[in-house]
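**Q** Structure, please.
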Amino acid sequence: MPDTKTKTTDDKVIKSEEQWRRELSPMQYAVLREKATERPFSGEYEHDHRAGTYVCAGCGNVLFSSDAKFDSGCGWPSFTQPAVESHIDEERDVSHGMIRTEVLCSKCSGHLGHVFPDGPGPTGLRYCINSAALKLKPK
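**A** Numbering: from 1, shown residues only. Take a look at the predicted model:
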């Protein structure tokens, strides 16, 4: 039975904070809704090499493919590009005394991590993403 409290507007998922807290683990909630960051090298997907698709842990939006995953040594799963460009939103982040580009899920606005211009080819980008923001759908 569908949850009648979940609203979808223009493909956006809108839920109350109470609903997010019920549906997500404490770490998922902290990362996706409060913009927290996992400790480096602590996430479940940091060293996971299984083939598949990474979706948003909050709403299931397709975010990254395992084909774009690489070991950057930064302590978080890293990807060279999104699986679908329009499924990722980017915003300027000036928190913690740094200027960075925050990466958000375009469907639920969940915080995923940050993107940096120091990745390998072909894009030269490094999407540094919290494992708690992701769910792997193995092939």
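**Q** Give the lowest-confidence helix or strand of the protein, using mean pLDDT as the measure.
**A** Ranked by mean pLDDT, DSSP states H and E, the weakest helix or strand in the chain is strand 7-9, scoring a mean of 56.
**Q** what about stretch 22-38, start to end distance?
**A** Using Cα to Cα, to the nearest Å, one end of stretch 22-38 lies 20 Å from the other.
**Q** next SSE after the least confident helix or strand of the chain?
**A** strand 12-14 (DSSP states H and E).
**Q** Quickly run through the sheet partners of that next one, with directions.
**A** Strand 12-14 has the following sheet partners, assigned by DSSP bridges: strand 7-9 (antiparallel).
**Q** helices or strands up against the helix or strand where residue 64 lies?
**A** Taking DSSP H and E as the definition, residue 64 sits inside strand 62-65. Here strand 62-65 touches strand 52-56, strand 126-129, going by 3 or more Cβ pairs under 8 Å, 6 or more residues apart in numbering; DSSP states H and E. The way it works is simple: take the backbone N, C-alpha and C, and place the C-beta from them, glycine included.
**Q** Could you dump those strands into TSV and include distance to residue 108, mean neighbour count and mean pLDDT?
**A** As requested, the helices and strands packed on strand 62-65 are exported to TSV (distance: least, Cβ to Cβ, whole Å; neighbours: other Cβ atoms under 10 Å; pLDDT from 0 to 100):
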stretch	distance to residue 108	mean neighbour count	mean pLDDT
strand 52-56	6	21	98
strand 126-129	15	24	98
